[in-house]
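Peer 1: Structure, please.
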Amino acid sequence: MAATYLPTLKQLQYLVALQDHGHFGRAADACFVTQSTLSAGLRELETLIGVTLVERTRRVVRFTPLGERIADKARRVLREADELGDMARAAGRPLSGEMRMSVIPTIAPFMLPRILPRLRRDFPDLKLFLREEPSGPACERLHNGRTDCVLLALPYACGEVTAEPLFDDRLFVAFPTDEDVTPPAAFPASAIDEARLLLLEDGHCLKDHALAACNRPELRAEATMLGTSLHTIVQMVDNGLGMTMLPEMALRSGILDNTQITARPLDAENAVRKIALVWRRASPREKDFRLLAQVLAEAA
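Peer 2: Numbering: from 1, shown residues only. Presented below is the predicted three-dimensional model:
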């Protein structure tokens, strides 16, 4: 029988990295190899399968149509290879080995300081690698096999995933304190001034959750969406530039400390977002993820 020569996982990693970064130097850095090593590996791959995958010019890296399809298939092969290790880890001690978790920016600074000490104490063999990014890129990385699970807020369309809800996070309206006016116990959505409403820019699901809770279509058109973080928006509100909406976990973490800002619960039918841990369906580490979700819910 004639020998069959197959691409190596390393060659497939090089191909996927080049597709992700669109640049040989950055792809090599991501793979922790030199650019010449990555280029040689890709040329060996092209010789092995007998087709050109990448058109090389001085300025542009352009995948051929077949190269795009093979890179997409390579990504799935690498994810399956990762899951071989996941299966072995799942058969061993719970929550041990490496795990990659993406966390959205409106959760990470408020929840991680509470949960990480417990994880270090109770699961010392767990190496948890964290990445802070918005829901869209996080879900894309999840399905591409570049992250194992995502800590986010629902509702959000993250594709074919298993979701474990952790808890409800109430939404609050935050506005400059006025010593001459006693604020209501709860802030009705109808009282929000759309001309003064400050929200996170597009890409942050908290903005969509807040607008959906208010059920006022004009807010989406009139609100100013320019904040890159909740801390930045709080500073703007504290300087009298408007009002905003904040999740309860941010308030509990002291985001309004040393400010002249008052916060009241949003009086609306669905004035909550649901914090959840999601992972790919049929993952061999499902037991680990469910255990992690339990720990997150208890420590939050």
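Peer 1: And the lengthiest helix in the chain, how far out from the chain middle?
Peer 2: In terms of residue count, the longest helix belonging to the chain (DSSP state H) is helix 65-90. Computed by CA atoms, centre = their mean, to the nearest Å, the chain-centroid distance of helix 65-90 equals 20 Å.
Peer 1: before we move on, what about stretch 188-207?
Peer 2: On CA atoms, centre = their mean, the centre of stretch 188-207 falls 21 Å from that of its chain.
Peer 1: Make 15 the starting number, not 1.
Peer 2: Noted, 15 is the first residue going forward, which turns the last one into stretch 202-221.
Peer 1: Distance of the spatially most central residue of the chain relative to Leu233?
Peer 2: Most central in the chain under CA atoms, centre = their mean is Ala152, positioned 3.4 Å from the mean C-alpha point. From Ala152 across to Leu233, the span is 26 Å (CB to CB, to the nearest Å). Glycine gets a C-beta too; all of them are placed from N, C-alpha and C.
Peer 1: Make sure Thr191 is actually in contact with Arg278.
Peer 2: No: judged on CB atoms under 8 Å, Thr191 makes no contact with Arg278 at a distance of 11.2 Å.
Peer 1: Find the residue ranges of the stretch 165-314 of the chain scoring beneath the pLDDT cut-off.
Peer 2: Scanning the stretch 165-314 of the chain for pLDDT under 70 picks out 193-195, 234-237, 239, 241.
Peer 1: Which parts of it are helices?
Peer 2: Counting by DSSP state H, counting those that start in this stretch, the stretch 165-314 of the chain has helices at residues 219-228, 231-236, 244-252, 262-266, 300-313.
Peer 1: right, and the ones you listed - which one's nearest Cys163?
Peer 2: Each of the helices of the stretch 165-314 of the chain has some distance to Cys163 by CB to CB; the shortest is helix 300-313, at 5.4 Å.
Peer 1: quick one: strands adjacent to the longest strand along the chain?
Peer 2: The strand that spans the most residues within the chain, counting by DSSP state E, is strand 175-190. The pairing partners recorded for strand 175-190 under DSSP bridges are strand 258-261 (antiparallel), strand 275-281 (antiparallel), strand 286-294 (antiparallel).
Peer 1: end to end, how far does stretch 258-275 reach?
Peer 2: Its start and end residues considered, stretch 258-275 measures 10 Å (CA to CA, to the nearest Å).
Peer 1: list the buried ones in it?
Peer 2: Neighbour-count burial for stretch 258-275 flags 258-265, 269-270, 273, 275 (criterion: 16 or more other CB atoms under 10 Å).
Peer 1: Could you dump those into CSV and include distance to Ala85?
Peer 2: Listed next are those as CSV, based on distance: CB to CB, whole Å:
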residue, distance to Ala85
Thr258, 42
Met259, 41
Leu260, 41
Pro261, 38
Glu262, 43
Met263, 39
Ala264, 40
Leu265, 45
Ile269, 42
Leu270, 47
Thr273, 49
Ile275, 49
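Peer 1: coming back round to it: which of the strands paired with strand 175-190 is buried the deepest?
Peer 2: strand 258-261 (a mean of 26; mean count of other CB atoms under 10 Å).
Peer 1: And for that strand, what's in contact with it?
Peer 2: The contact list for strand 258-261 (CB atoms under 8 Å, 6 or more residues apart in numbering) reads 120, 124, 167, 183-189, 211-213, 220, 224, 241, 244, 247-248, 250-251, 269-270, 277, 280, 287.
Peer 1: cool, stretch 297-314 as well?
Peer 2: 97, 100-101, 103-104, 108-109, 113, 125, 128-129, 132-133, 136-137, 162-163, 165, 176, 178, 180-181, 263, 289, 291, 293.
Peer 1: Give me the buried entries from these.
Peer 2: By neighbour count, with 16+ other CB under 10 Å, those hold 97, 100, 103-104, 108-109, 113, 125, 129, 133, 137, 162-163, 165, 176, 178, 180, 263, 289, 291, 293 as buried.
Peer 1: Can I get stretch 23-31 in PDB? Just the C-alpha atoms.
Peer 2: C-alpha atoms of stretch 23-31 as PDB (Å, rounded to 0.1, in the frame of the first residue of the first chain):
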ATOM      1  CA  LEU A  23      -1.600  19.900  12.900                       C
ATOM      2  CA  LYS A  24       1.300  22.500  13.000                       C
ATOM      3  CA  GLN A  25       0.800  23.200   9.300                       C
ATOM      4  CA  LEU A  26      -2.900  23.600   9.800                       C
ATOM      5  CA  GLN A  27      -2.300  26.000  12.800                       C
ATOM      6  CA  TYR A  28      -0.100  28.100  10.500                       C
ATOM      7  CA  LEU A  29      -2.800  28.300   7.900                       C
ATOM      8  CA  VAL A  30      -5.500  29.200  10.400                       C
ATOM      9  CA  ALA A  31      -3.300  31.900  12.000                       C
END
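Peer 1: Lovely, talk soon.
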